[in-house]
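> Starting from these lines, generate the structure:
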Amino acid sequence: MEFTGKPLKGYGLIFLANLCLSVVFLIAKDVQPRLGLYPFLFYWFMFASVYFLIIFLKTKGVKTFKIPRRLLPLVILMGGFEVVATFLFFYTIRLMNPALASFYGNISIVMTVALGIIFLGERFTVLEGIGGAILVMGVALMTYNSGRLVFIGFLLIVFFSLLFSINTVLIKVSLKDVYPVAFSAYRTFLLFLSISVIYFFQAAHTLPALPTLLEIAAGAFLGPFLGVLLLFTGLQYLEASKASLVRATNPLMVLIGSYLWLRQVPTLKQSIGGLITLAGIELLLWGKFKLEKKSQAGN
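As a prediction, this is how the structure comes out:
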């Protein structure tokens, strides 16, 4: 791997994106017990929508946010997947340790690779197979004898990871000409609209305390806004496979942050299982990267 010039810039941006996105897990875990799931999501996506709206107005939204009319039905379907998956994502963080949820979250990478092989005809290597097997072993170790809540959380993560992975493949196939920030913005607006309907049907609406509101505003800026923008910008300087190798280390940041900020860590067995899954996913992605390099060299 090269660590000079544009690749170095790409690695730096992906690392910063990791740092920002790991804060999502920590703030969600910190605020939800005090505020509740729906009020938290309402204010979270309200702030995120405001940030994207500022970008929309600043760029006049003509080119950056344009989606061809023929793709609107597909985008609406993908938006529905995103709403369900995102709600389940935050609910899962409420159920379990954020570091454990983050380790499980790497399952989405395996699902994306599998869907690419099935529907896009992408090749599969032995190294990827070994990495996948190691990841399954780590998941089994994390889940075994960890209790009912962890098992429910694991099943929910498998389900919403599948929805996120389907969207990733659809973006790769059908939305190649759409700016990634456009889909992120419309996804955020749709999430805010959906949670607003649920939230306003609730009996009580309490304005959060100012420190809580500021914490949510900071998290919404660092996560769905700045983190996503840094990630997409980093991909302009780095191949997707290399970026995935860096992105997959996100659980380590969440693990460290969970201990330093929340004083919460998974059990020793769960932590070892999480590290095994991380080794498996890195091996899988490395196999994919080597296959891409070999394919490029042959052209």
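
> what about the chain, any weak spots by pLDDT?
Across the chain, the ranges flagged by pLDDT under 70 are 1-5, 60-64, 120-122, 172, 174-180, 203, 239-242, 292, 294-299.

> show me where it has helices.
Under the criterion DSSP state H, the chain contains helices at 5-35, 37-58, 72-95, 98-105, 107-119, 126-143, 148-174, 180-200, 210-220, 228-234, 240-247, 250-257, 268-298.

> export the ones you listed to a markdown table and tack on mean neighbour count and distance to residue 65?
(C-beta placed from N, C-alpha, C; glycine too.) Formatted as a markdown table, these follow (neighbours: other CB atoms under 10 Å; distance: least, CB to CB, whole Å):
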| stretch | mean neighbour count | distance to residue 65 |
| --- | --- | --- |
| helix 5-35 | 19 | 21 |
| helix 37-58 | 19 | 6 |
| helix 72-95 | 18 | 12 |
| helix 98-105 | 27 | 28 |
| helix 107-119 | 18 | 25 |
| helix 126-143 | 18 | 36 |
| helix 148-174 | 17 | 15 |
| helix 180-200 | 18 | 5 |
| helix 210-220 | 17 | 19 |
| helix 228-234 | 20 | 14 |
| helix 240-247 | 20 | 23 |
| helix 250-257 | 21 | 27 |
| helix 268-298 | 18 | 31 |
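
> So which of the ones you listed is nearest residue 66?
For residue 66, the closest of the helices of the chain is helix 180-200, at 7.0 Å, according to CB to CB.

> on contacts alone, who are the packing partners of that closest one?
helix 37-58, helix 72-95, helix 228-234 (3 or more CB pairs under 8 Å, 6 or more residues apart in numbering; DSSP states H and E).

> about what we covered before: let me have the helices of the chain in TSV, extended by distance to residue 66.
Formatted as TSV, the helices of the chain follow (distance: least, CB to CB, whole Å):
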stretch	distance to residue 66
helix 5-35	24
helix 37-58	11
helix 72-95	11
helix 98-105	31
helix 107-119	26
helix 126-143	36
helix 148-174	15
helix 180-200	7
helix 210-220	25
helix 228-234	16
helix 240-247	23
helix 250-257	31
helix 268-298	30
